[in-house]
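A.B. asks: Fold the following, please.
(one chain, ligands or ions: 1)
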Amino acid sequence: MKNSIKSYSKARSRFSIKNKKILSSADENIFFREDNFRDFKNLFDNPSKLNLEIGFGDGKYLVRQALSNPKEVFIGIEVFESGLANTYKRILELELFNIRLIQGDIKEILLKNKSQNLFDLISIFFPDPWPKSKHKKRRLLKSNFLINLESLLKKQGQIIIKTDWQDYAEEITDTLDNLNFKYTQSSRRSDTKEFITKYEEIALKAKREIIKFEIHSIN
Ligand SMILES: C[S@@+](CC[C@H](N)C(=O)[O-])C[C@H]1O[C@@H](n2cnc3c(N)ncnc32)[C@H](O)[C@@H]1O
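C.D. replies: Numbers count the residues shown, from 1 in each chain. Modelled structure (predicted):
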């Protein structure tokens, strides 16, 4: 049965014939849809390292990581077409063979996937904060979701979460503590030399504190 509470806003899904065309003719070895998705293990052969980015937005960070680490495989999941279509175009322009894109809701994809112990790194950067009290139930990072995600990690694998929303960070801390997960938490406000995502850039410009969680596999 489909999850009814969505962690993303449908209002951001603008219809574009151009993007639809790009994605409907996309290479079936690179681009997958939630409906056709069966299992993560069908998407790659033995990479040296397997990475997953959930909610990759404009995809620039995903592409940059794949370019810098050609022996690793990067799977990106996003709901919205514009980010998916632009990222797909960049993959073709740069002839990147180590990215797979999945269009869909991560919660639905996790319901279908049966494999475990797959990923070295899972990243979730700036998940939608849903700041209003009545919307907090839409936040993605709830207990069951984190339990499912942790089961995807290899031994020594890690989940990295970043948020600039203090109240969400507190909720994540409580959830991780209740789950008895092994994690470290750090924060910063200043600029960095690292390549960062669009939402991290926005947060830094606004001088907001960025809270980072590094969750370690409990295998
Ligand atoms: C605030 S944006 C952050 C984008 C990017 N990670 C960044 O840091 O620039 C959150 C992204 O998560 C995506 N998202 C939210 N819920 C999702 C879900 N259930 N499955 C896949 N993507 C989701 C949204 O579509 C949106 O692009």
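A.B. asks: Secondary structure element holding Gln116?
C.D. replies: Following DSSP states H and E, one finds Gln116 outside all helices and strands.
A.B. asks: I'd say it and Leu152 touch.
C.D. replies: Yes. Counting by CB atoms under 8 Å, Leu152 is a contact partner of Gln116 at 6.2 Å. (Glycine included, C-beta is placed from N, CA and C.)
A.B. asks: of the two, who's got more company?
C.D. replies: It is Leu152, of Gln116 and Leu152, that has more neighbours when counted by other CB atoms under 10 Å, with 20 against 15.
A.B. asks: Pull the contacting residues for that one.
C.D. replies: Leu152 makes contacts with 40, 52, 113, 115-119, 122, as judged by CB atoms under 8 Å, 6 or more residues apart in numbering.
A.B. asks: May I have the predicted confidence score for it?
C.D. replies: pLDDT recorded at Leu152 is 98.
A.B. asks: Next: the one 10 residues further on.
C.D. replies: Lys162 is assigned a predicted lDDT (pLDDT) of 98.
A.B. asks: ok, now Pro47?
C.D. replies: At Pro47, pLDDT is 88.
A.B. asks: ok, back up a step: narrow the contacts of Leu152 to just the buried residues.
C.D. replies: Neighbour-count burial (16 or more other CB atoms under 10 Å) applied to these gives 40, 52, 113, 118-119, 122.
A.B. asks: In these, find the pair that's most separated.
C.D. replies: Spanning the widest gap among the buried ones among the contacts of Leu152 are Asn113 and Ile122, at 12.5 Å by CB to CB.
A.B. asks: List the contacts of the residue nearest the centre of the chain.
C.D. replies: Geometric centre of the chain, nearest residue: Ile54, 1.1 Å, by CA atoms, centre = their mean. Shown in contact with Ile54 (CB under 8 Å, 6+ apart): 77, 106, 122-124, 127, 140.
A.B. asks: quick one on the thing from earlier: redo the buried ones among the contacts of Leu152 as JSON lines? Include distance to the ligand.
C.D. replies: Output for those, formatted as JSON lines (distance: CB to the nearest ligand atom, whole Å):
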{"residue": "Phe40", "distance to the ligand": "14"}
{"residue": "Leu52", "distance to the ligand": "11"}
{"residue": "Asn113", "distance to the ligand": "13"}
{"residue": "Leu118", "distance to the ligand": "18"}
{"residue": "Phe119", "distance to the ligand": "16"}
{"residue": "Ile122", "distance to the ligand": "13"}
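A.B. asks: residues from the chain in reach of the ligand?
C.D. replies: 7-8, 54-57, 77-80, 105-107, 125-128, 140, 197-200 (CB under 6 Å from any ligand atom).
A.B. asks: change it to 8 Å
C.D. replies: Contact residues, the chain versus the ligand (CB under 8 Å from any ligand atom): 6-9, 12, 53-58, 61, 77-80, 83, 104-109, 124-129, 140, 162, 197-202.
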